[in-house]
Structure formats: C-alpha cells, structure tokens
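**Q** Predicted model and sequence below, questions to follow.
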Amino acid sequence: MAQDPPTDPALETEGAADTTVTTRFLTPAVAVVRPVGDIDTATAGPLRSTIQEQVAAGAQHVVLDLSGVDFMGSAGLALLIAEREAAIAREGELRLAGVPRTAGRALSLTGLTELFDTYPDPDAAAADLR
C-alpha cells in the first residue's frame, strides 16, 4: 500500500560527486524530481533510488526536471529508458522538463526523442496528468 506523499515541499538528497536531487509533489500522483549536476555512472543509481522513493510514496507519474543537468552520460540515458518502462508498467508516465542543450543533444543522437515528449518546465509537463 502506498504511503502518503511527503509533506515537505522540497526534499534534498545528496548523490555521488556534486549532484543534488530535489523532489516535490505537484499533486498526490505527480512527483517532480530535479537532479542538479551530472547524470553518469556514479549518480544514476542514487537518482533511480530517489525516483523509486517518490513512486513508493504514491507518485504514479514522474516529471524529471533536467534544467539543472550539466552532463548526461550513457548511464543517464539508460536510466531514462528504465524509468519510462517502470512508469508504463504502473500505468503512469515519465515526462522530461527543462531539457538543456547537452541532454537534448544526447537524446537526439540516440533517437530517444521518439520516446519522450519534452516540456519547457515541470508545470507544463504535469498540466494534464492526474
């Protein structure tokens, strides 16, 4: 049974290297996860754990706000694919918001732009999610 969403609007967790992840719920079913720094082999695991914690707290949909990401490596791209599949399995969605040029280029070069819609900000990404 899912727990109640955290009442604190922004929870911070420290990842590996200099990556910080903040989380907040826009609605009881929509969580925003915002990593700041690099998403690479060292930080993909802690980011995945943070996303899974939000799902365990009741989020059906996750908006991944990438506006603070400086670099996205192959581990970050693999995380996006895995979390998209996990969202589909729970009848939810993983949406990307604030995608910076570096991450957008990685998505484009790998063809992942076909799998993900991108939005300018988390509110736009969550506008029609319930």
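**A** Everything's here; your move. Residues are numbered from 1 along each chain as shown.
**Q** And the pLDDT for Gly104?
**A** Looking at Gly104, its pLDDT stands at 91.
**Q** quick one, what contacts it?
**A** Counting by Cβ atoms under 8 Å, 6 or more residues apart in numbering, Gly104 touches 113, 118. The way it works is simple: take the backbone N, C-alpha and C, and place the C-beta from them, glycine included.
**Q** worst-scoring helix or strand of this protein, pLDDT-wise?
**A** Here the helix or strand of the chain ranked lowest by mean pLDDT, DSSP states H and E is strand 11-14, holding a mean of 43.
**Q** other SSEs contacting the next helix or strand after that strand?
**A** Downstream of strand 11-14, the first helix or strand assigned by DSSP states H and E is strand 20-27. Packing contacts for strand 20-27, counted by 3 or more Cβ pairs under 8 Å, 6 or more residues apart in numbering; DSSP states H and E, involve strand 11-14, strand 30-39, helix 41-56, helix 122-126.
**Q** got the buried residues for strand 20-27?
**A** 21-26 (16 or more other Cβ atoms under 10 Å).
**Q** Please apply the same query to stretch 65-81.
**A** Applying 16+ other Cβ under 10 Å to stretch 65-81 flags 65-66, 69, 72-73, 75-77, 79-80 as buried.
**Q** Quick one: mark the members of the residues you listed that sit in strands.
**A** 65, 69, 72 (DSSP state E).
**Q** The first one contacts Arg34, correct?
**A** Yes. In this structure Asp65 lies within contact range of Arg34 using Cβ atoms under 8 Å: 4.0 Å.
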